[in-house]
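Chemist: generate coordinates for the sequence data below:
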Amino acid sequence: MSSDFVGEPAARQLREMWEHKVCGFLGPGWNEAFADWIRKFGIGRIQDAVLMASVPRFSEDGERLPPDIRDVPRYAAVERADDRDPGMRDCYLVRGRMRLKFYCEEHDSEVLTLLRRALHAGVSASAMHDAVDENYTLEDCFTSIGIDRWKFRIAMGHPIVDLRPKDQVFIREEEPAWRAWDAHLRKTTGKGSPINKQGGWYFPSRLPPSDVLSKKAKRVSRD
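Modeler: Residues are numbered from 1 along each chain as shown. Purely as a prediction, here's the structure:
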């Protein structure tokens, strides 16, 4: 028996469950959407997501918001992320509050990556929520939970020239040192080095930390 055949009745039952919960008609055309969600997240997660998403929500102003069928795969994705990396559910909740306060929808994945980094560094969910409450910019919010401003701006694609100390070094893209920094940033932040209109970027030293250490080690071995 194929998995598609097994998924068809389950998809229909979950679609009917949603219709019963919200007292609204979706129609058989939604069966394929539910079947796709089941294949992606599993029947159990989609069933739980239907139960959660069908509950009416309220805005911060107290306005009643009707259930949104598009929240079903979103809830399922959050639960899957939390199963794989405990604590991620809180990160998604914090990201939602950041989105409402700081309007950063276009940077959803970058914000979540930075929150995951803070989570792995030991920052608690309550500290993340406090940061949202107590700060007026997204950058200050992340700085208060231990994310360096320089790393924040690189992750978000923001300029970092105004953060540049006097002793930073400008390195052009065609130089070997730029390629070394680019490789270092890709390894440590997941993104390569930015390039400004002058065809290069400012770095805290001529070479990244790993290259400096390796050169020192070579000098010691020769001595």
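
Chemist: what's the span of stretch 188-200 from first residue to last?
Modeler: The first residue of stretch 188-200 is 19 Å away from its last residue (CA to CA, to the nearest Å).

Chemist: mind starting the numbering at 17 from now?
Modeler: Renumbered: residue one is now 17, and that last one reads stretch 204-216.

Chemist: now find how far off-centre it is within its chain.
Modeler: Between the centre of stretch 204-216 and the centre of its chain there are 21 Å (CA atoms, centre = their mean, to the nearest Å).

Chemist: pull out the buried positions in that stretch.
Modeler: Residues 207-210, 216 are the ones in stretch 204-216 that count as buried (16 or more other CB atoms under 10 Å). No exception for glycine: its C-beta is placed from N, CA and C like everyone else's.

Chemist: just send these back as a markdown table, with secondary structure too.
Modeler: Converted to a markdown table, the buried residues of stretch 204-216 look like this (DSSP: H, G, I helix; E, B strand; the rest coil):
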| residue | secondary structure |
| --- | --- |
| K207 | coil |
| G208 | coil |
| S209 | coil |
| P210 | coil |
| G216 | strand |
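
Chemist: whichever helix in the chain runs longest - what's its average pLDDT?
Modeler: Using DSSP state H, we find that the single longest helix of the chain is helix 19-38. Averaging pLDDT along helix 19-38 yields 82.

Chemist: ditto for stretch 43-56
Modeler: Here stretch 43-56 scores 93 as its mean pLDDT.
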